[in-house]
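Asks: fold the following and give me the result.
(one chain, ligands or ions: 1)
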Amino acid sequence: MPRKPLIAANWKMYKTPAQAQEFMKNFLPLVANHHRDEIVVCPSFTSISVVIAAATGSGVAIGAQNMHFADEGAYTGETSPLMLKAIGATHVILGHSERRQYFAENDELINKKLKSALHHALIPIVCVGEVLAEREAGKTEQVLLRQTRGVLAGIAASAAAPIVIAYEPVWAIGTGKTATPQIAAEAHAVIRNEVNKLLGAEIAANLRILYGGSVKPDNATALMAETEIDGALVGGASLDPQSFAKIVNY
Ligand code: PEP
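Replies: Okay, here's the model as predicted:
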């Protein structure tokens with residue numbers, strides 16, 4: 001069975017609930033009857049409910065950009081997987097490089113969140129990727145292996161099927177610099193090969209690995225033409241309904 005591509009919007013800390021609703025009003029007609037790819041929109045927490053309401057019946061799924069690993073507790077400012085489930089979110093982005101860079105998230109913490117997301121049947125989109133200095137030092141493969149092993153530590157193959165990995169080279173996020181399809185495909189192959197070793201051939205063969213980093217309407221087709229690339233995690237270009245719809249309809 002071919003892997004169904006997944007195109008996810010990461011709105012980061014943009015859009016009020018009213019702006020999010022306006023986006024959905026304009027976006028949904030542009031992707032009506034689109035069945036080839038799974039479409040996921042990840043707004044900030046305050047807009048998740050309105051976006052879920054707007055997306056009802058559309059086939060577009062809604063996710064969060066982060067979560068805590070605990071079900072509940074004295075964790076001021078955090079949001080739990082139970083809370084996300086309760087409002088109807090189905091996906092969650094974990095370990096985005098901005099979380100790693102600005103909020104000190106590391107593989108150990110992301111691994112706890114990943115286990116919790118799987119436990120609560122939220123589809124995790126787990127991000128890995130090297131920074132520019134690591135790429136220039138020839139350490140990309142080493143970094144991807146460390147992160148892949150770290151985030152997947154202790155996860156059984158029997159639980160791993162829902163996992164989606166996003167390869168996001170940090171030097172390409174929000175910079176306008178995109179990895180070439182070949183660079184992305186090479187990195188995806190490193191990740192898939194390692195997942196094969198850790199979780200077996202079946203999980204590896206079915207694992208969707210998204211590319212993220214300055215995906216735009218004009219480069220989406222070339223990226224998606226790579227058989228190793230199973231979709232995209234889109235930041236800046238997902239904020240505009242026309243632009244995100246063009247990417248979805250690559
Ligand atoms: C992202 O936020 O995951 C991302 C890839 O951002 P951008 O598309 O803006 O580079």
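Asks: wait, what's in contact with the residue of the chain found nearest the ligand?
Replies: Taking C-beta to the nearest ligand atom, the ligand has its nearest neighbour within the chain at Gly235, 2.1 Å off. Any C-beta I mention is one placed from the backbone N, CA and C, and that applies to glycine too. Neighbouring residues of Gly235 by C-beta atoms under 8 Å, 6 or more residues apart in numbering: Asn10, Lys12, Ile173, Gly174, Gly212.
Asks: tell me which of these has the lowest pLDDT.
Replies: Among the contacts of Gly235, Gly174 carries the weakest pLDDT, at 87.
Asks: list the contacts for that one?
Replies: The contact partners of Gly174, taken as C-beta under 8 Å, 6+ apart, are Ser214, Gly235, Gly236.
Asks: need those residues in CSV (columns: pLDDT).
Replies: Output for the contacts of Gly174, formatted as CSV (pLDDT from 0 to 100):
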residue, pLDDT
Ser214, 95
Gly235, 98
Gly236, 97
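Asks: these in strands, which ones?
Replies: Under the assignment DSSP state E, those contribute nothing to strands.
Asks: in helices, which of those residues fall?
Replies: If you go by DSSP state H, the contacts of Gly174 have nothing in helices.
Asks: quick check: of these, which lies closest to Met83?
Replies: Top of the list for closeness to Met83, among those and by C-beta to C-beta, is Gly235 at 24.0 Å.
Asks: thinking Arg149 is in contact with Lys197, fair?
Replies: No - between Arg149 and Lys197 there is no contact under C-beta atoms under 8 Å: 9.2 Å.
Asks: for these two, indicate the residue with more neighbours.
Replies: Arg149 (15 against 12; other C-beta atoms under 10 Å).
Asks: how close does the more buried one sit to His91?
Replies: 23 Å (C-beta to C-beta, to the nearest Å).
Asks: quick check: residues of the chain near the ligand?
Replies: Residues of the chain found near the ligand (C-beta under 6 Å from any ligand atom) are 10, 12, 168, 173-174, 212-215, 233-237.
Asks: for the buried ones among the residues you listed, write the corresponding ChimeraX selection.
Replies: In ChimeraX, a selection of the buried entries from the residues of the chain next to the ligand looks like this (16 or more other C-beta atoms under 10 Å):
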select :10,12,168,173,212,213,214,215,233,234,235,236,237
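Asks: longest helix in the protein, by number of residues?
Replies: Per DSSP H, the chain has its longest helix at helix 181-199.
Asks: quick revisit: so which of the contacts of Gly235 are in strands?
Replies: Going by DSSP E, the strands hold Asn10, Gly212 from these.
Asks: out of the contacts of Gly235, who's nearest Val51?
Replies: Asn10 (13.1 Å).
Asks: from what I can see the closest one touches Ala237, true?
Replies: No - look at Asn10 against Ala237 with C-beta under 8 Å: they stay out of range, at 10.3 Å.
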